[in-house]
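Novice: using only what follows, build the 3D model:
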Amino acid sequence: MLNKLWLNALIMVLFASLFAILFVWKYGTMSYISGKWILYYGIVAMAAMICCLFLGNNSMAKKIKKLREEDLQQKLIGYKAVYNKKLKFFSAISLVAIISMILLNNLFYAIFAALSLLLIIVSRAMPFKVKYELNLSEEDTKRIDKIKL
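Specialist: Have a look, this model is predicted:
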């Protein structure tokens with residue numbers, strides 16, 4: 001189930017970013033924002049992307065640590081919800097980058113779309129990673145298949 005969430009986020013970010021890059025490269029002629037608003041928009045966009053990065057990584061890690069004291073079913077349900085939020089925050093970085101690329105007609109923001117893609121690729125849930133993050137014992141890992149989520 002977690003790999004489906006991961007694959008959906010990966011495909012969505014990849015195709016949306018490629019579409020925006022090709023659109024700006026082929027049809028981009030002018031910026032939709034002008035004057036001093038370009039500077040303000042850039043600062044706001046960077047702040048939004050940094051907030052998404054920290055919320056997706058640090059805040060979700062704290063929530064995962066809190067799940068360690070729960071029973072197995074609550075751990076798994078909570079981990080799925082936290083993992084989904086983490087992927088959404090990482091995808092939001094790409095969303096801001098795509099909007100910025102189109103509004104400013106600047107391919108510089110493709111770097112941040114690539115960063116978002118890299119964060120999603122690295123955050124794939126693997127069995128040993130889930131076992132470590134949730135502090136699961138061997139008995140818990142054997143019981144996981146029996147639990148319906």
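
Novice: helix or strand with the lowest mean pLDDT in the protein?
Specialist: Least confident helix or strand, the chain: helix 138-143 with a mean of 74, by mean pLDDT, DSSP states H and E.

Novice: identify the residues contacting that helix?
Specialist: Leu72, Pro127, Lys131 (C-beta atoms under 8 Å, 6 or more residues apart in numbering). For every residue, glycine as well, the C-beta is placed using N, CA and C.

Novice: 6 Å instead?
Specialist: Helix 138-143 has contacts (C-beta atoms under 6 Å, 6 or more residues apart in numbering) with Leu72.

Novice: and stretch 76-96, by the same measure?
Specialist: With C-beta under 6 Å, 6+ apart, stretch 76-96 has contacts from 2, 5, 9, 13, 17, 45, 48-49, 52, 55-56, 60, 63-64, 67, 113, 116, 119-120, 125.

Novice: about what we covered before: how much distance is there from the least confident helix or strand of the chain to the middle of the chain?
Specialist: 29 Å (C-alpha atoms, centre = their mean, to the nearest Å).

Novice: next, the buried residues of it.
Specialist: Residues Asp140 are the ones in helix 138-143 that count as buried (16 or more other C-beta atoms under 10 Å).

Novice: just the CA trace of that helix, in CSV.
Specialist: Taking C-alpha atoms only, helix 138-143 is exported to CSV below (Å, rounded to 0.1, in the frame of the first residue of the first chain):
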residue,chain,number,x,y,z
GLU,A,138,10.4,-9.9,14.8
GLU,A,139,7.1,-11.0,16.3
ASP,A,140,5.5,-7.7,15.0
THR,A,141,6.9,-8.2,11.5
LYS,A,142,5.3,-11.7,11.4
ARG,A,143,2.0,-10.3,12.5
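
Novice: return the members of the contacts of stretch 76-96 classed as buried.
Specialist: 2, 5, 9, 13, 17, 45, 48-49, 52, 55-56, 60, 64, 67, 113, 116, 119-120, 125.

Novice: from the residues you listed, which ones fall inside helices?
Specialist: Among the buried ones among the contacts of stretch 76-96, the ones falling in helices (DSSP state H) are 2, 5, 9, 13, 17, 45, 48-49, 52, 60, 64, 113, 116, 119-120.

Novice: my guess is Val13 contacts Leu118. True?
Specialist: No. Using C-beta atoms under 6 Å, Val13 is not in contact with Leu118, being 10.0 Å away.

Novice: that concludes my questions; thank you for your assistance.
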